[in-house]
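Novice: no sequence on this one, just coordinates:
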Ligand code: DC
């Protein structure tokens with residue numbers, strides 16, 4: 001069985017972009033767990049549920065049909081919500097619903113089931129610490145908040161999404177705080193994860209560094 005690779009780190013550190021390229025180069029499948037929290041936030045928003053309505057959101061998850069395609073497209077009950085979940089509002093919403101124990105329980109179970117056969121690059125916040133504690137390769141990807149905001153502006157411009165630098169930086173700082181301070185499974189580096197600060201690195205350099213680590217560990 002091929003191993004799984006866990007990639008954690010704060011918002012907009014490049015986890016998704018890097019995971020996509022790694023998946024292509026290694027022939028693995030990328031699972032973006034942030035998209036799953038975003039889809040839950042979007043579902044709650046559509047149903048008129050406040051982001052702290054734990055019981056109601058947990059019930060909603062039981063009945064929703066969430067499909068994450070390996071190419072990154074996200075479908076909720078048959079609707080393509082790939083772009084809708086990328087707004088600042090849904091970023092904060094995802095961070096809000098991710099504080100809820102029952103939401104985490106349900107999504108962690110789904111994530112473990114998906115990755116059960118190995119060969120996945122799973123990116124998120126608690127992959128190395130909770131979801132795939134036994135992953136052979138664990139990466140903790142960081143970058144300064146300013147560098148992350150600059151990258152997110154560029155990415156949003158390319159996708160035709162709102163790209164105001166100040167609003168994005170503020171959102172990143174707020175989410176960093178919320179994601180590292182929540183009670184259940186806060187964002188933190190697993191003891192056995194390798195930290196890569198990508199502030200001054202190109203995407204290719206980060207990818208090559210991780211591929212070296214994978215080679216050493218297989
Ligand atoms: O990776 P992202 O920015 O798309 O994630 C959105 C939010 O979801 C993030 O602010 C925190 C939450 N999240 C989480 O708690 N655990 C994960 N494994 C992935 C995301």
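Specialist: Sure thing, it's come through. What you are looking at is a predicted structure, and each value in this text was computed from that prediction instead of being measured.
Novice: Look through this structure and tell me its longest helix.
Specialist: helix 165-181 (DSSP state H).
Novice: Sort out which residues of whichever helix or strand comes after that helix are buried, please.
Specialist: Going down the chain from helix 165-181, the next helix or strand is strand 194-197, by DSSP states H and E. When burial is assessed from 16 or more other C-beta atoms under 10 Å, strand 194-197 yields the following buried residues: 194, 196. All C-beta spots, glycine's among them, are computed from the backbone N, C-alpha and C.
Novice: Show me how far strand 194-197 is from its chain's centre.
Specialist: The chain centre lies 17 Å from the centre of strand 194-197; the measure is C-alpha atoms, centre = their mean, to the nearest Å.
Novice: cool, stretch 91-107 as well?
Specialist: With C-alpha atoms, centre = their mean, you get 12 Å for stretch 91-107.
Novice: close to the ligand, is that stretch?
Specialist: Yes - residues of stretch 91-107 are located near the ligand by C-beta under 6 Å from any ligand atom, namely 91, 94, 95, 98.
Novice: end to end, how far does that stretch reach?
Specialist: Stretch 91-107 has an end-to-end distance of 17 Å (C-alpha to C-alpha, to the nearest Å).
Novice: Let me know the average pLDDT across it.
Specialist: For stretch 91-107, mean pLDDT rounds to 96.
Novice: So for that stretch, what gets flagged as buried?
Specialist: Neighbour count says stretch 91-107 has 91-100, 103-104, 106-107 buried, by 16+ other C-beta under 10 Å.
Novice: again, but for stretch 197-205
Specialist: Within stretch 197-205, the residues scored as buried using 16+ other C-beta under 10 Å are 198, 201.
Novice: Off-centre distance for that stretch?
Specialist: With C-alpha atoms, centre = their mean, you get 18 Å for stretch 197-205.
Novice: And stretch 199-206, by the same measure?
Specialist: The answer for stretch 199-206 is 19 Å, by C-alpha atoms, centre = their mean.
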